[in-house]
Each structure stands twice: as C-alpha cells, then as structure tokens.
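Output the structure for:
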Amino acid sequence: MQQQPYPLGRFHAELEQLEPRFAAALEACTLFLRRYLAGEYIMRQGEQSECLYLVETGRVSLNSAVHSGRLFQLGEIACQRQIFGEMEFFSATPVQWSVMAETELDASVICAHKLAQRLLAEPELTLFFASALASDYLDTLDITTSRLLHPIAYNIAYELWRERQRTPMLGSRKRAHEAARFGTTERVYRRALKELVDQGIVCDGADGPTIADLARLRTYLDL
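Numbers count the residues shown, from 1 in each chain. Model (predicted):
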C-alpha cells in the first residue's frame, strides 16, 4: 500500500487531511533505516514478521514459491513511499508474499507493536489501511482472476494495457521473471509472446514487449 491516499476512493478528501498525522505516526514508530541491495529479501514468505517496511523509492518484486521450486511473481512495484507488511500486521500471520529489492534501496523499519499502540490511540488513522487494502485487494484479485480465466497470450496483452493505465504493478522485463509472473515456463511464455507479435499487437525488443498497435490490442482484449 502507498502512504499517500490513493487518488480514488470514498474517503479521499478525509485521508488527504489526515495524511500529515499518518506520516508523523509512521515516523514515530520507525526503529531505523536499512539499506537493501538488489536481490536481497526485505520480507520472506513463511516467516513471522514484527515489522512493517516503508520504501521511499526503488523497485521491489513480490513472489510466492512452492517446494518444487516453481515461482509465481505477482509483479514489480515502482515504489512511491510504499508500505509492506500491512497484511501481516493486521492478521498476525506469517509473510504470504516474499518481497525482494530489485534495485538498491532504503527502507524504514517500523515497529508493529508501536504502530498498534498508536492506532489504538488514534483509530481514525486505520482508515488509511482500510482504504489502501481494499484498493490493493481489488487490484490483486483482478490480476489473479485474469491469470486463472485467460490464456497466457491474453494476460501478456492485458498486462501491457494495465501498465499503460494507472497501476503501479509492472513487469520485470526479464524473461525468467516474466514467465514466473504468468506461472509458466520460459518456453511457453515465448510461444505466447510470439503469437501476439505475429498478429501485430505487440513488439518484442531489448527492453521487453511493448504495444505495437493500440487499436489491435483493444480489439484483442475486447475493450
């Protein structure tokens, strides 16, 4: 979730007024600032966490793995004061998604116990979490539902459309990571991507796939 209120939502005006108090509360509960190198885990799947992490800028990826080694990557986030660990903070359950630094970055480590006490004293600040979690839940549900219901080629095209819109979730643009985002192998991913290239919908360059023809993309996605 972002620290700043999301641009849409029922309580946007109220959250904008409360934002300085929310920022002050997070700062008061911060233990220290930690530097993470690219490839280093900020949070690990399955571990118990008593902290939240606020990343000012930088890129992180979220992924989930099984014992066989198969990896599903939800995507990458270009952080703009992004908070991680909020789900585990409220549920008191182990980390669900591993959070990895994709670039070198600094994260403020926030004490969960101190933050809990602050929210009990100022319960109106929980509105930030409620609003952001609702937005992020719908965003994530949209991604996972599309993964389940549509073929890989459609999902590649749909992600390019989503990236063109407003979402902070981005593709990694590394072949192995891109394949993991769609829960498949590199070979299957390349075949699906070729299907879109052959139809003139997508271009595949050194920096990864891009939209070749917006009108064809919209027609393909039935938008």
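
ends of stretch 203-219, how far apart?
16 Å (C-alpha to C-alpha, to the nearest Å).

Buried by neighbour count: which residues of that stretch qualify?
208-209, 211-212, 216-217 (16 or more other C-beta atoms under 10 Å). Yep, even glycine has a C-beta here, placed from its N, CA and C like the rest.

Widest-spaced pair of those?
Pairwise distances across the buried residues of stretch 203-219 (C-beta to C-beta) peak at 18.5 Å, for the pair Gly208 and Arg216.

Using neighbour counts, pick out the buried residues of stretch 184-200.
184, 189, 192-193, 195-196.

Tell me the one of these nearest His12?
Leu196 (36.3 Å).

which helices and strands does the helix or strand containing the closest one pack with?
In the assignment (DSSP states H and E), Leu196 maps to helix 186-198. Applying 3 or more C-beta pairs under 8 Å, 6 or more residues apart in numbering; DSSP states H and E, one finds that helix 186-198 makes contact with helix 152-164, helix 175-181, strand 202-205.

Make CSV out of the buried residues of stretch 184-200 and add pLDDT.
Listed next are the buried residues of stretch 184-200 as CSV, based on pLDDT from 0 to 100:
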residue, pLDDT
Thr184, 79
Tyr189, 88
Ala192, 93
Leu193, 92
Glu195, 94
Leu196, 94
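
can I have stretch 209-216 written out in PDB, keeping just the CAs?
Taking C-alpha atoms only, stretch 209-216 is exported to PDB below (Å, rounded to 0.1, in the frame of the first residue of the first chain):
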ATOM      1  CA  PRO A 209       7.400  -6.400 -25.000                       C
ATOM      2  CA  THR A 210       5.600  -3.100 -25.900                       C
ATOM      3  CA  ILE A 211       2.300  -2.300 -27.500                       C
ATOM      4  CA  ALA A 212       2.700  -2.200 -31.300                       C
ATOM      5  CA  ASP A 213      -0.800  -1.300 -32.300                       C
ATOM      6  CA  LEU A 214      -3.200   0.100 -29.600                       C
ATOM      7  CA  ALA A 215      -6.300  -0.400 -31.700                       C
ATOM      8  CA  ARG A 216      -5.500  -4.100 -32.300                       C
END
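
Strands of the protein, residue ranges please.
30-36, 41-43, 51-65, 71-84, 98-101, 105-111, 169-170, 202-205, 208-211 (DSSP state E).

need the least confident one among these, by mean pLDDT.
For those, mean pLDDT drops lowest on strand 169-170, to a mean of 50.

for the buried residues of stretch 203-219, which one is nearest Glu178?
Gly208 (7.1 Å).

Might one say that the closest one is in contact with Tyr189?
No. Checked against C-beta atoms under 8 Å, the pair Gly208 and Tyr189 is beyond contact range at 11.4 Å.

list residues touching both of these two?
The contact sets of Gly208 and Tyr189 overlap at Glu178 (C-beta atoms under 8 Å, 6 or more residues apart in numbering).

Name the helix or strand of this protein that has the lowest mean pLDDT.
strand 169-170 (a mean of 50; mean pLDDT, DSSP states H and E).

circling back to that earlier point, which residues make contact with the helix holding Leu196 from outside it?
So helix 186-198 is in contact with 151-153, 156-157, 175-176, 178-179, 182, 184, 202-204, 209, 212, 220, going by C-beta under 8 Å, 6+ apart.

let's see it at 10 Å
Around helix 186-198, the neighbours that count as contacts under C-beta atoms under 10 Å, 6 or more residues apart in numbering are 151-157, 160, 175-185, 201-204, 208-209, 211-212, 216-217, 220.
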